[in-house]
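# just to be clear, the model below is a prediction. Sequence and coordinates:
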Amino acid sequence: MRATLLNTFIVFAITLFTQSCGSDAKPTSTTSCQTGSALIHVLDASLTSLCGCSEGVVNTVQGQDFTCTVSKGTVVTFKFDGAQLQHQITPVTAKAFLQSDVFDPQDSSTIVNHSVTFSSSGTFSFKDKYNPSLAGSIIVP
């Protein structure tokens, strides 16, 4: 019994320490991105830049301004998580980038992330369709 518990703990610890951008595991503040990528964690009441944004790891709650500055050509992945609310990242300006599909925590076949490549300079504002107070900007100098 003790050995089984120890093995379970070891597997859990290894899983936590081997997470990286693009994996389906829950991201943490120790997540690291590959060059040319950024990861934004979308929760029911906050947005967190986990890696790849020049601002570093930043957590904002609904109603606060969220900013992620990346270089041209960066793939930004919005990683959805949460137990209660649906989420859908939509650009504030029509056709600035493709909106995400709907994340629905009650649907086991729902999407878990949405990736966008920012190939041109500009400020790309977005909001969560189901929680508009979760909003921010991707800045590409």
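That came in fine, so what should we check first? Residues are numbered from 1 along each chain as shown.
# ok, Glu55 - how many residues close by?
Glu55 is flanked by 12 other residues according to other CB atoms under 10 Å. To be clear about C-beta, it is placed using only N, CA and C from the backbone, and glycine gets the same treatment.
# and Leu47, how far from Ile40?
Distance, Leu47 to Ile40, by CB to CB, to the nearest Å: 6 Å.
# whichever strand or helix holds Thr48: how far from the chain's middle?
Under the criterion of DSSP states H and E, Thr48 resides in strand 46-51. Centroid separation between strand 46-51 and its chain, computed with CA atoms, centre = their mean, to the nearest Å, is 6 Å.
# against which helices or strands is the helix or strand following it packed?
Downstream of strand 46-51, the next assigned helix or strand under DSSP H and E is strand 58-61. In terms of contacts (3 or more CB pairs under 8 Å, 6 or more residues apart in numbering; DSSP states H and E), strand 58-61 is packed against strand 46-51, strand 66-69.
# tell me what the first one is packed against?
Meaning strand 46-51. With 3+ CB pairs under 8 Å, 6+ apart as the test, strand 46-51 has strand 37-42, strand 58-61, strand 66-69, strand 131-140 packed against it.
# name the helices or strands packed onto the next helix or strand after the third one?
Going down the chain from strand 66-69, the next helix or strand is strand 74-80, by DSSP H and E. Taking 3+ CB pairs under 8 Å, 6+ apart as contact, the helices and strands that strand 74-80 lies on are strand 37-42, strand 113-118.
# whichever helix or strand comes after the last one versus strand 131-140: what angle between them?
Per DSSP H and E, strand 113-118 leads on to strand 122-128 as the next helix or strand towards the C-terminus. Put simply, strand 122-128 runs at 160 degrees to strand 131-140, going by axes from the mean of the first three to the mean of the last three CA atoms, to 10 degrees.
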